[in-house]
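# Predicted model and sequence below, questions to follow.
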Amino acid sequence: LPQPGSGEVLVRILAAGVNYADVMRRAGEPYPVPTPLPFRAGSEVAGEVCGCGEGVETSWMGRRVLGADIMGGGYAQYIALPVQNLLPWPEGLSAHEAGTLLIQGTTAAMALLESGEMRAGERVLVLGATGGVGSMMLQLARAHGAAQVIAGIGSSAKTAAALALGAHSAVDYSQAGWAEQVLAATRGHGVDLVLDATCGPLLQQACDALADWGRIVIYGASDPAPAPLDLKRMVARNQRVTGCFLGAYLQRRPQRAAELLADLGERVRRGEVKPAVHAVLPLGQAPRAHELVSSRGVIGKILLDPWMDPTQPEEASCN
């Protein structure tokens, strides 16, 4: 049982999020910063405070919180976390709903609204649209008044899921000519905002569908073969590109992250946004969770439940 140190609390984990960053870090890849060693997987948890270290007010006891830590350790039943790594558990949400929000949900809101500055009436292209972050982006873009939300998917088999999550249309970027399909769907205008987590050739191709004065937000780097952007073309068309890393907000601008999380939680409570949970697995099936994430066939989020009976079958999707 971990012992909370000075300024830390002990959290009994009720749900641990599985993220693509976990897969990258397990492989020794930086995502987006170098992985601290020694490292244990799991950087996102939802749980209840059950112990306080030195200097921590006892009023923390019993609070339900969301916690993130780049140092990992979330694939467990208990974790000691610094108080500054905690954000409030949105009221009225189940453990599995709350478990989808901190990293993937808040990243989606941050990339779309903070870094992307999406405005009502704009056209938005979400690459990787049926993943944990992408599935949130589709719904949030619709909720914030996007005129057209286009889902970029890696297989036509995901079309129905993308449309069910809120996309107006979908394009299969595993097929040639998909950027031209985006242009056709927007009647030649192009999209005002592209959201990407690859930093690779896919993003390079998406630039062909970006409108004048369009913006690109990069919130991940999952492609091992990065591709340079044509910056001269972007200058001529008044386009811009920006990065979005939630970890920096949690460390340096936690209040803004808390505001976006609170808004997202309220939208979930009202039913405007519905977390897509692909599966909930017992802790011992963490390797299986990584296999699923690596397969790129997941619709939404995978969670680990450290108190789930490992003899029970995999819990069905919470969609």
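Great, that's in hand. Residues are numbered from 1 along each chain as shown.
# The chain: helices as residue ranges?
Secondary structure of the chain, counting by DSSP state H: helices at 20-26, 95-98, 106-109, 132-143, 159-164, 178-185, 201-206, 231-236, 246-252, 254-270, 286-294.
# how about those in a markdown table, adding distance to G51, mean neighbour count and mean pLDDT?
Heads up, the C-betas are built off the backbone N, CA and C, glycines and all. Listed next are the helices of the chain as a markdown table, based on distance: least, Cβ to Cβ, whole Å; neighbours: other Cβ atoms under 10 Å; pLDDT from 0 to 100:
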| stretch | distance to G51 | mean neighbour count | mean pLDDT |
| --- | --- | --- | --- |
| helix 20-26 | 25 | 22 | 89 |
| helix 95-98 | 19 | 22 | 95 |
| helix 106-109 | 26 | 28 | 96 |
| helix 132-143 | 30 | 28 | 96 |
| helix 159-164 | 41 | 17 | 96 |
| helix 178-185 | 51 | 18 | 98 |
| helix 201-206 | 44 | 19 | 94 |
| helix 231-236 | 51 | 11 | 96 |
| helix 246-252 | 22 | 17 | 90 |
| helix 254-270 | 22 | 18 | 95 |
| helix 286-294 | 24 | 17 | 95 |
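# Make a markdown table out of those and add distance to I216.
As requested, the helices of the chain are arranged in a markdown table below (distance: least, Cβ to Cβ, whole Å):
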| stretch | distance to I216 |
| --- | --- |
| helix 20-26 | 19 |
| helix 95-98 | 30 |
| helix 106-109 | 16 |
| helix 132-143 | 14 |
| helix 159-164 | 20 |
| helix 178-185 | 13 |
| helix 201-206 | 7 |
| helix 231-236 | 9 |
| helix 246-252 | 17 |
| helix 254-270 | 20 |
| helix 286-294 | 24 |
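# And those: which comes nearest E44?
Nearest of the helices of the chain to E44, taken as Cβ to Cβ: helix 20-26 at 8.8 Å.
# can you give me how far that closest one is from the chain middle?
Relative to the centre of its chain, helix 20-26 is centred 13 Å away, using Cα atoms, centre = their mean, to the nearest Å.
# again, but for stretch 69-89
17 Å.
# first to last residue in that stretch, what's the distance?
From its first residue to its last, stretch 69-89 covers 16 Å (Cα to Cα, to the nearest Å).
# Out of the helices of the chain, flag the one nearest I70.
Between I70 and the helices of the chain, the tightest spacing by Cβ to Cβ is seen for helix 246-252, at 5.7 Å.
# ok, back up a step: out of the helices of the chain, which gets nearest to L193?
Each of the helices of the chain has some distance to L193 by Cβ to Cβ; the shortest is helix 132-143, at 8.4 Å.
# who does that closest one touch, helix- and strand-wise?
helix 106-109, strand 123-127, strand 148-153, helix 254-270, strand 301-305 (3 or more Cβ pairs under 8 Å, 6 or more residues apart in numbering; DSSP states H and E).
# Thought N238 was touching D212, still the case?
Yes: here D212 reaches N238: they are 5.9 Å apart, a contact under Cβ atoms under 8 Å.
# now R215: how far from E91?
According to Cβ to Cβ, to the nearest Å, R215 and E91 sit 33 Å apart.
# When those two are compared, which one has more neighbours?
In terms of neighbours (other Cβ atoms under 10 Å), R215 is the more surrounded of R215 and E91; the figures are 20 against 11.
# Double-check that one against L193; I have them as touching.
Yes: using Cβ under 8 Å as the test, R215 is close enough to L193 to be in contact (5.3 Å).
# hey, what's in contact with both of those two?
Applying Cβ atoms under 8 Å, 6 or more residues apart in numbering, one finds that R215 and L193 are jointly contacted by G116.
# can I get the helices and strands packed on helix 132-143 in CSV with distance to R64?
Supplementary listing: the helices and strands packed on helix 132-143 in CSV, determined by distance: least, Cβ to Cβ, whole Å:
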stretch, distance to R64
helix 106-109, 17
strand 123-127, 30
strand 148-153, 32
helix 254-270, 12
strand 301-305, 15
